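*Asks:* From the sequence below, what's the structure:
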Amino acid sequence: MKSEESGQLNRALVDTLAGAIAGGISRTVTSPLDVIKIRFQVQLEPTTTWTLLQKEMYRPSKYRGLQQTTKEIFREESLLGFWRGNVPGLLLYMPYTAIQFTVLHKFKTFASGSSKAAGLATSLTSLQDLLKLIESGLQDSLD
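*Replies:* Alright, predicted model coming up:
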């Protein structure tokens, strides 16, 4: 009996570690796109000339397109600028994916179909989605 419990605990630890690593890699790989997205979201000026004319604004936007924004970030902040703010995201996203991965695997063993398990796992981890949204707002205000 103890051997079975030990095996289940080991499996849960492996699942947790695998989920955390996968989440960290995922967050790090997609960080440049996230940085560009946030830059567009926080700038006050519109991105098109037509909107500038309609609103009688005369100052051009700093970020106007994907290619121009990428060049601007690289010029101002070097390559590391694309991973600005990644550590707080990792601290939130790695535990999130670790729990999600572990819970999903556990429920897959109990549920007959993976869609039921995925729905249940997502419901249980929705609190972390809320924390992620709050963290994103805090990160925006700090940048």
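*Asks:* Can you spell out the domain ranges of this structure, please?
*Replies:* 1-47+62-84, 95-142 (the TED database).
*Asks:* quick one, helices of the chain?
*Replies:* Using DSSP state H, the helices of the chain run over 2-42, 49-54, 66-77, 86-110, 114-124, 126-142.
*Asks:* Of those helices, which shows the lowest average pLDDT?
*Replies:* Note on these: lowest mean pLDDT is at helix 49-54, with a mean of 54.
*Asks:* Report the separation between residue 70 and residue 34.
*Replies:* 13 Å (C-beta to C-beta, to the nearest Å). C-beta coordinates here come from the backbone N, C-alpha and C atoms, glycine included.
*Asks:* Ok, residue 64 next?
*Replies:* Distance from residue 64 to residue 34, by C-beta to C-beta: 19 Å.
*Asks:* cool, and residue 26?
*Replies:* Distance, residue 26 to residue 34, by C-beta to C-beta: 11 Å.
*Asks:* More neighbours: which of the two?
*Replies:* Between residue 26 and residue 34, counted using other C-beta atoms under 10 Å, residue 34 has the larger neighbour count: 18 against 13.
*Asks:* quick one: contacts for that one?
*Replies:* Residue 34 makes contact with residue 89, according to C-beta atoms under 8 Å, 6 or more residues apart in numbering.
*Asks:* So it versus residue 65, what's the distance?
*Replies:* 17 Å.
*Asks:* who touches residue 66 in this structure?
*Replies:* residue 36.
*Asks:* In space, what's closest to residue 72 - neighbours in sequence excluded?
*Replies:* residue 63 (6.6 Å; C-beta to C-beta, 6 or more residues apart in numbering).
*Asks:* And that neighbour, its phi and psi?
*Replies:* Dihedral angles phi and psi of residue 63 (degrees, to the nearest 10) take the values phi -110, psi 120.
*Asks:* count of neighbours near it?
*Replies:* When neighbours are counted by other C-beta under 10 Å, residue 63 comes out with 18.
*Asks:* List the contacts of it.
*Replies:* Residues near residue 63 by C-beta under 8 Å, 6+ apart: 36, 39-40, 43, 47, 69, 72.
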